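**Student:** have a look at this prediction, sequence included:
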Amino acid sequence: MPKLTLTLLALLLPVAALAQTTPTSASARAGIDAGNQAWIDGVKAGDVARIIATYAEHSVECGPTGACIEGRAAIGQHMKTEYAKLGRANSASVSSWGSTQSAGFVYEWGQAQATFHNGKNIVDKYVTIWQRQRDGSWKIFRNLVIPAK
């Protein structure tokens with residue numbers, strides 16, 4: 001099955017889960033907000049370790065083309081390569097447009113943006129699936145960048 005098909009299937013899973021969801025709990029929201037802030041701070045500082053700490057060990061990151069990277073270590077290496085080209089961001093933000101919770105997962109959607117010293121501006125719409133860890137923290141289980149038109 002092509003990666004793009006898998007990505008589209010993964011985007012539909014939150015829709016199927018809506019029938020069995022509840023509002024996002026305060027503890028989950030706090031963990032997710034902290035994770036989003038870690039991305040903002042990490043991008044601005046050029047600190048990939050801070051960003052990758054928000055990912056679960058067996059997480060998957062899928063870009064807008066449908067290409068996916070599996071595992072926290074591989075995602076971290078990819079980010080190091082990308083941020084080495086881009087440098088530190090002048091500014092960064094995450095706008096969470098909504099979320100819903102189903103058992104140990106929270107489905108969040110929104111937009112992340114970063115502007116870099118070289119003038120590059122990245123604006124990505126996303127669906128992120130956060131997973132509650134054994135220690136009660138929330139980590140990224142799947143991160144999907146939604147393709148632009």
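**Tutor:** Received, thanks.
**Student:** could you check the pLDDT of residue 9?
**Tutor:** As predicted, residue 9 sits at a pLDDT of 48.
**Student:** tell me the mean pLDDT for whichever strand in the chain runs longest?
**Tutor:** Identified as the longest strand of the chain according to DSSP state E is strand 89-102. Mean pLDDT, computed over strand 89-102, is 96.
**Student:** could I have the helix or strand following it exported to CSV, CA atoms only?
**Tutor:** Where DSSP states H and E defines the elements, the next helix or strand beyond strand 89-102 is strand 105-116. What follows is strand 105-116, C-alpha atoms only, in CSV (Å, rounded to 0.1, in the frame of the first residue of the first chain):
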residue,chain,number,x,y,z
PHE,A,105,-5.1,9.0,22.6
VAL,A,106,-5.8,12.6,21.8
TYR,A,107,-6.4,13.7,18.2
GLU,A,108,-5.3,17.3,17.7
TRP,A,109,-5.4,19.4,14.6
GLY,A,110,-4.1,22.9,13.8
GLN,A,111,-1.3,24.8,12.2
ALA,A,112,2.4,25.2,13.0
GLN,A,113,4.5,28.1,11.6
ALA,A,114,8.1,29.0,11.7
THR,A,115,10.1,31.8,10.0
PHE,A,116,13.9,31.3,9.6
